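J.: Quick one: sequence and predicted model below, then my questions.
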Amino acid sequence: MGINVKSKWKVAGGILSQYEHQSTSTKTGMTFSVFVPGDVPGDAKIPGIYYLSGLTCTDENFCQKAGAFSSAAKHKVALILPDTSPRGTDIPGEHDSYDFGSGAGFYLNATEDKWSENYRMYDYVCVELPKIVLDNFPIDPDRVSIMGHSMGGHGALTIAMKNPTSYKSVSAFAPICNPSKCAWGVKAFTGYLGADESAWLEYDAVELMKSFGPFKFEILLDQGSSDNFYQQKQLLPEAFEQACNEKGQVLKFNMQAGYDHSYYFISTFVPDHIDFHANFLLDN
Ligand SMILES: N[C@@H](CCC(=O)N[C@@H](CSC=O)C(=O)NCC(=O)O)C(=O)O
């Protein structure tokens, strides 16, 4: 199925475009954005980094607030920005809270009846969208990395660990690391996957690391020490650090003093994350 351009902007010498299309995974219309740096020669293929956003976001939060395009342009790396849930549906309860339903797809395939028809963000992000991206943009399928923030950090970590040959490197800003053990995750997993906690494990970064680690790719994780969600124990990065240590996984975990959960934190460290990915995506 085709994609239609909604908007197009020149930024950092490249082009940021927003597209809408009909998704076969979610059976709804979906929107995503792609940044392609300038000066890409003729038929050259460039690396791409997926960025998965957090609760309440669309593809636009990162585009407008992260200030990432100059770093991506510097390395000639494309950025792919999916939305965070199906849109245009009106399932009872779908729009009632910020942490479940619309804007809160948790990058999983729901199995509970009410949600399973449309809430298939795992398939959307790691199967459907990559095909669309490769068909429409000059991106090298063998040089792809993934990063994300909060719920999107959970998405980036779990999707990479469930598809360990698909991504060259993984990074996360303040990810939800152990969703089976925090209020956000318990609410989402109960709603989308049901009460049987054994079904939750395949979408829990700590559990995936314990079961399948270590992975060949390196992981970068930044966490702000003044992040209210970290202090409320929604994120639990220490549990992920411990699982990585036990398994011998290469992880660079930075506790960043005084930073919160916002895009001010992301915009401060996004150049470091893009430099990190560029290390694995480019011949240096
Ligand atoms: N109560 C807040 C919570 C929403 C929020 O903080 N969302 C974060 C991600 S949190 C984890 O996934 C976010 O990225 N917000 C968008 C932004 O541009 O800052 C609320 O309802 O706003």
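T.: Everything's here; your move. Every value quoted in this text rests on a predicted model; they were computed, and no experiment measured them. Numbers count the residues shown, from 1 in each chain.
J.: what's the first-to-last distance across stretch 212-228?
T.: End-to-end span of stretch 212-228 (Cα to Cα, to the nearest Å): 31 Å.
J.: what's the offset of it from the middle of its chain?
T.: 13 Å (Cα atoms, centre = their mean, to the nearest Å).
J.: Residue ranges in the stretch 151-284 of the chain under the pLDDT threshold?
T.: Low-confidence segments of the stretch 151-284 of the chain (pLDDT under 70): 284.
J.: Apply 50 and report the result again.
T.: Filtered on pLDDT under 50, the stretch 151-284 of the chain yields no residues whatsoever.
J.: Not counting sequence-adjacent ones, nearest residue to the closest residue to the ligand within it?
T.: Nearest residue of the stretch 151-284 of the chain to the ligand: M151, at 3.4 Å (Cβ to the nearest ligand atom). In short, each C-beta sits where N, CA and C put it, glycine included. Nearest residue to M151, sequence neighbours excluded (Cβ to Cβ, 6 or more residues apart in numbering): G54, at 4.5 Å.
J.: So the one you found, which state does it fall into?
T.: coil (DSSP: H, G, I helix; E, B strand; the rest coil).
J.: Surely it and G155 touch.
T.: No. G54 lies out of contact with G155 (Cβ atoms under 8 Å); the separation is 9.1 Å.
J.: Give me the common contacts of the two.
T.: G148 (Cβ atoms under 8 Å, 6 or more residues apart in numbering).
J.: Flag every residue of the stretch 51-200 of the chain that's near the ligand.
T.: Taking Cβ under 6 Å from any ligand atom as the criterion, the stretch 51-200 of the chain approaches the ligand at residues 54-57, 61, 65, 98, 149-151.
J.: so where do the helices sit in the stretch 101-250 of the chain?
T.: In the stretch 101-250 of the chain, the segments counted as helices under DSSP state H, counting those that start in this stretch are 113-116, 121-123, 129-136, 151-162, 183-193, 205-212, 228-231, 237-247.
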